[in-house]
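Student: Here's my sequence, what's the structure:
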Amino acid sequence: MGFPGTWMTESQSVVYRVVPKCACSTIGQIMHYSDHGRYFDGDIHDAKDGLHKWALDESKEPIREVMAAGQTYAFTCVRNPYTRILSSFFDKICGVQRNGKRYRGNLVPMLIQNYGIEVGGKDGQQEFDQIKSFRRFLLFARDTIRWRRPMDPDIHWSASSGHVSTFVTNGGRYDKIFWTEAFNDGMQDVLNNIDTKHDVDLTKVPRFNESADHGPKRAHPVEDYFDDLSMHLVYEIYKRDFELFKYDFENPANKKPIGEIDLDEVHIKLGD
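Tutor: As a prediction, the model looks like this:
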């Protein structure tokens, strides 16, 4: 039994299933602060201590034991598929990463050559046709998810429901799934249900790992990037995300959910 993408506080107060591009940096820092009274100095994804992570060998057994006991509060956070895939494009494809290099080495040159996208030059700051390039990236994302070519899908644009489901299929159960679009309300509900060594004031939490710092700024409203074909592709990729997490497929301009998440439905449909 494994729990990939799972983080847990060292005090074992709470378990979190990471979903990329869904405020995971901020959530990880809040978990770190709740145990240690300070934020991790750097990107929380680089932390090798202060937080249990399934990717760390020494963390696997503590996480396994807590999950077997089934008593620890578990949660995750999701995001509107339209804004999530847009964020992935501007951050991971157009942006220069924090190590000063392009994401995944030759990925961007391959996209430029094979899909004809532009990324705003070497630094991602030059003007380019964002809408045309994004729609071509969307074709690439669909190809990776539908046919696993020219590569396997990347965690930053594979469906949120896929990340959420591994926790369920391996025996976990969520006590809370909340939306990034109502982050403070959802995160506060989590904090209200767990015992922390240090109190967290969400109104004073800094913003961590903002993707806008990595790439060009979005020049148009969200809905301008999605014509009828793009919406069809998004629904093909993220149908389960729209349905389970209650987002509005019909209107890309509406990033807010249109219903309440039914945890029983999530566990039934993702537990198959």
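Student: mind checking the longest strand of the chain?
Tutor: Criterion DSSP state E: the longest strand present in the chain is strand 73-78.
Student: That strand pairs with which strands?
Tutor: The sheet places strand 73-78 alongside strand 14-17 (parallel), strand 176-179 (parallel), with pairing taken from DSSP bridges.
Student: Give me the mean pLDDT for that strand.
Tutor: Over the span of strand 73-78, the pLDDT mean works out to 98.
Student: thinking again about what came up before, just the strands paired with strand 73-78: most buried one?
Tutor: Mean neighbour count, computed with mean count of other CB atoms under 10 Å, is highest for strand 14-17 among the strands paired with strand 73-78, reaching a mean of 24. Every C-beta, even on glycine, is put in place using the N, C-alpha and C of the backbone.
Student: and the next element down the chain from that strand?
Tutor: Note on strand 14-17: by DSSP states H and E, the next helix or strand toward the C-terminus is helix 24-36.
Student: angle of that following helix against strand 73-78?
Tutor: Our comparison of helix 24-36 with strand 73-78, counting by axes from the mean of the first three to the mean of the last three CA atoms, to 10 degrees, yields an angle of 150 degrees.
Student: re the thing from before, nearest to V266, out of the strands paired with strand 73-78?
Tutor: Proximity to V266 (CB to CB) singles out strand 176-179 among the strands paired with strand 73-78, at 6.5 Å.
Student: From I63, how far out is the residue lying closest to P216 once chain neighbours are set aside?
Tutor: Using CB to CB, 6 or more residues apart in numbering and skipping the chain neighbours, the partner closest in space to P216 is G120 (4.7 Å). Computed as CB to CB, to the nearest Å, the G120 to I63 distance reads 40 Å.
Student: What residues of the longest strand of the chain count as buried?
Tutor: If you call a residue buried by 16 or more other CB atoms under 10 Å, then strand 73-78 has these buried ones: 73-78.
Student: What is the burial count for E265?
Tutor: The criterion is other CB atoms under 10 Å. On that basis, E265 has 12 neighbouring residues.
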